[in-house]
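S.K.: the following comprises the amino acid sequence and a computationally predicted model.
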Amino acid sequence: MQTLLLVIELVIAVLLIVFVLLQRSEGGALGIGGGGGGGGFGGLFSPRGASDTLTRTTSILAILFFVTCLGLNLLVTHTHKQQSILDSQAAPGRVAAPVRQPAAPPPAQKIPAVPTPH
């Protein structure tokens with residue numbers, strides 16, 4: 001399921017890039033599809049209709065992209081349950097594991113207060 005969602009997300013991302021590049025920019029300098037008044041779709045759409053269609057398609061693809069991102073995040077969250085540090089604490093009514101005390105340090109050797117000459 002995760003692989004399928006990932007493939008769908010990649011396809012949507014590529015389509016989103018293509019549709020953004022096809023749109024006509026405000027300054028007319030960027031974008032692939034936009035040229036003069038003839039419209040880039042062979043008369044299928046008017047220039048205004050093509051712009052509306054590309055904008056609507058880009059919006060739909062962006063929404064689908066975000067939905068697939070959320071779906072992937074939810075899927076990963078539910079399949080890889082991470083334990084909280086609170087889960088490791090003993091719940092009320094459960095007996096906690098005994099806490100191991102560190103070993104006692106070895107007895108300290110007597111160190112002379114004044115160094116002795118050799």
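M.R.: Here it is on my side, so go on.

S.K.: how about the helices in this structure?
M.R.: With DSSP state H, the ranges of helices along the chain come out as 2-22, 47-79.

S.K.: mind putting those into CSV with distance to residue 102 and mean neighbour count?
M.R.: Where you see a C-beta, it was placed from the backbone N, CA and C, and this is true even at glycine. Output for the helices of the chain, formatted as CSV (distance: least, C-beta to C-beta, whole Å; neighbours: other C-beta atoms under 10 Å):
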stretch, distance to residue 102, mean neighbour count
helix 2-22, 44, 14
helix 47-79, 37, 14
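
S.K.: mean pLDDT and distance to residue 111 added to those, as a markdown table?
M.R.: Compiled in a markdown table, these are given as follows (pLDDT from 0 to 100; distance: least, C-beta to C-beta, whole Å):
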| stretch | mean pLDDT | distance to residue 111 |
| --- | --- | --- |
| helix 2-22 | 93 | 63 |
| helix 47-79 | 87 | 57 |
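
S.K.: turn the ones you listed into a markdown table, columns for distance to residue 109.
M.R.: Output for these, formatted as a markdown table (distance: least, C-beta to C-beta, whole Å):
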| stretch | distance to residue 109 |
| --- | --- |
| helix 2-22 | 61 |
| helix 47-79 | 56 |
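
S.K.: so which of those helices is nearest residue 105?
M.R.: Within the helices of the chain, the stretch nearest residue 105 is helix 47-79; the backing value is 45.1 Å (C-beta to C-beta).

S.K.: now the angle between helix 2-22 and that closest one, please.
M.R.: Taking axes from the mean of the first three to the mean of the last three C-alpha atoms, to 10 degrees, one finds helix 47-79 and helix 2-22 inclined to each other by 160 degrees.

S.K.: helices or strands next to helix 47-79 in the packing?
M.R.: The contact analysis (3 or more C-beta pairs under 8 Å, 6 or more residues apart in numbering; DSSP states H and E) places helix 47-79 against helix 2-22.
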